[in-house]
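*Asks:* 3D model of this:
(one chain, ligands or ions: 2)
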Amino acid sequence: MNTKILKPTKENISCCAKLIKSGEVVGMPTETVYGLAANAFDEAAVKKIFEAKKRPADNPLIVHIADIEMLKGLVKDVPDIAFDVCKRFWPGPLTVVLPKSDKIPLITSGGLDTVGIRLPSNEVARELIRASGLPLAAPSANLSGSPSPTTASHVYDDLNGRIPAILDGGKCSVGVESTVISFESDIIRLLRPGRISVDDLKTVTTNVIIDNGVLEVISNDTRVKSPGMKYKHYSPKADVTLIDGSAEFFERYVSERNSAETYALIFDGDNISNDIKSIKYGGSSEQQAERIFAVLREIDKIGAKKVYARCPSKEGIGLAVYNRMLRAAGFKVIKEGD
Ligand code: AMP
Ligand code: MG
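*Replies:* Ligands and ions are numbered 1, 2, ... in the order given. The predicted model follows:
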């Protein structure tokens, strides 16, 4: 199969919608990362998503909709708190987990009786959903385990020959996957951090709990609320270690271990000895979110073997960057003062 990269013209979007209606999968841009989209109701089409990206069958897919009306047919009921959150943050990078209706097959929800739903703000994604007239199941369009794709060429690098087409909507503006939340009566549980931060959620209710899986190692046999969080994720081939401390501590730590295949991931504005090869991954947390996955892909391309990364802030969208870095590093963190 030849994978076509298509500009998101009206014709190309309608061509991709036809592919989806005929049971195919298509790479689509969203504001978070690129998704691999198929008809969420069609078991055979959803199976193709799992096969194309070699995703474990118990890792559920997020279902993408084009307007809030589409939500009602997909879930059993929408509690008031969920409705308030959706009204506040949709369209946007927020996924809500709710009890699924019988229309959503178990293959889509990874065997769970709940389903994650998102209304993206990206216009190309919404036009594709509208043109196909279907809710689209779409996980990130990378090979399972590798860094998520934030450009059409990242998708091509991972899935060339495995899918018919990718709609090229340019670089993703957010850069990390959506915030995922579930509800327990009037409490919001954060399952995966993203652009919509804990503070953002607290504008709806102060009852926000951060699930243990966000910052802790989850063993593969533990029952987890957000199955995707248990997998080794976002991993470059290089061995990554996070260094939690000042710029001075970072430089000293890396200098003592420097070799030809060592790279440092540092913040914009950091000054580091010329003896250490370094890549900058942003100044603000927003910039770091936008760049993190491209940088994780780049370090493999340049053949880095050992990578030391400055630890991102855990505030706002920084928590999402930290959560992804932690997984890229296999939870290896060196703390200044320990
Ligand atoms: P991806 O689309 O690759 O970003 O992955 C989707 C992620 O959303 C999963 O790996 C889960 O962590 C989370 N998710 C999706 N659906 C559910 C659900 N029904 N319950 C809990 N977490 C979910
Ligand atoms: Mg993913």
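*Asks:* Which of the three states applies to Lys107?
*Replies:* I think there's a mix-up here, since residue 107 is Ile and not Lys. coil (DSSP: H, G, I helix; E, B strand; the rest coil).
*Asks:* helix/strand/coil for Ala38?
*Replies:* Counting by three-state DSSP, the backbone at Ala38 sits in strand.
*Asks:* so who does the closest residue to it other than its chain neighbours touch?
*Replies:* Distance criterion C-beta to C-beta, 6 or more residues apart in numbering; nearest residue to Ala38, sequence neighbours excluded, is Ala45 at 4.0 Å. Heads up, the C-betas are built off the backbone N, CA and C, glycines and all. With contacts defined as C-beta atoms under 8 Å, 6 or more residues apart in numbering, the neighbours of Ala45 are 20, 23-25, 38-39.
*Asks:* rerun at 10 Å
*Replies:* Contacts for Ala45 (C-beta atoms under 10 Å, 6 or more residues apart in numbering) come out as 19-25, 37-39, 107-108, 134, 136-137.
*Asks:* Ok, Asp186 next?
*Replies:* 79-81, 205, 207.
*Asks:* For the chain, what lies in contact range of ligand 1?
*Replies:* Proximity of the chain to ligand 1 (C-beta under 6 Å from any ligand atom) is limited to residues 59-60, 62, 97, 109, 112, 114-116, 139-140, 177, 180, 191-192, 225-229.
*Asks:* The residues you listed in strands, which ones?
*Replies:* When DSSP state E is applied, the residues of the chain next to ligand 1 are split such that 62, 97, 114-116, 180, 191-192 fall in strands.
*Asks:* what's the closest of the residues you listed to Lys103?
*Replies:* Nearest to Lys103 among these: Val115, at 9.7 Å, using C-beta to C-beta.
*Asks:* Could you find the closest non-adjacent residue to the closest one?
*Replies:* Lys100 (3.8 Å).
*Asks:* Report how many residues lie close to the one you found.
*Replies:* For Lys100, the count of nearby residues is 22 (other C-beta atoms under 10 Å).
*Asks:* any idea how far Ala294 is from it?
*Replies:* For Lys100, the distance to Ala294 (C-beta to C-beta, to the nearest Å) stands at 34 Å.
*Asks:* can you check Ser278 too?
*Replies:* 16 Å.
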